[in-house]
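Student: The sequence isn't on hand, but the structure is:
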């Protein structure tokens with residue numbers, strides 16, 4: 001069954017963005033829970049996996065913080081959790097994903113792919129492009145406002 005948003009849907013705003021984010025995140029968190037990891041653990045593990053080389057913990061903290069706006073101490077605790085679960089491994093002073101970490105993210109990706117296809121699949125490309133431009137602009141502006149607040 002395919003459902004679509006009403007053509008009378010309200011204009012995008014912070015509430016609509018938040019509702020969409022939490023709906024999609026809820027789906028992902030449901031899948032992640034079956035694999036025994038949290039959303040923040042998945043973000044940190046993905047950051048380590050997509051890096052060109054093993055990363056210093058401070059570099060991973062900075063990367064995750066730029067995405068999640070989370071407290072650096074919480075992110076460091078997340079890295080420790082991933083080390084304890086043997087999803088990350090210390091390579092000298094750097095962290096790298098283990099085979100188990102790579103396998104876990106591959107399994108999560110395989111499980112979420114058909115769900116993502118159902119959520120995103122029939123949205124016209126031009127609508128996705130417009131939404132992408134708007135979301136990039138909102139992200140840029142919100143990051144600038146947050147930087148001003150925390151300066």
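Tutor: All right, it came through fine. From a predicted model like this one, the values you see are computed outputs, not experimental measurements.
Student: Can you verify residue 95 is assigned to a strand?
Tutor: Yes - per DSSP: H, G, I helix; E, B strand; the rest coil, residue 95 lies within a strand segment.
Student: center of this protein - which residue?
Tutor: Closest to where the C-alpha atoms of the chain average out (Cα atoms, centre = their mean) is residue 43, at 5.0 Å.
Student: Give me the buried positions along the helix or strand where it lies.
Tutor: Using DSSP states H and E, residue 43 maps to helix 39-50. Residues 40, 41, 42, 43, 44, 45, 46, 47, 48, 49 are the ones in helix 39-50 that count as buried (16 or more other Cβ atoms under 10 Å). C-beta: built from backbone N, CA, C; applies to glycine.
Student: and for that helix, what are the contacting residues?
Tutor: The contact list for helix 39-50 (Cβ atoms under 8 Å, 6 or more residues apart in numbering) reads 25, 28-29, 32, 37, 54-55, 60, 63-64, 67-68, 70, 74-75, 78-79, 81-82, 85, 87-88, 95-97, 101-102, 104-105, 108.
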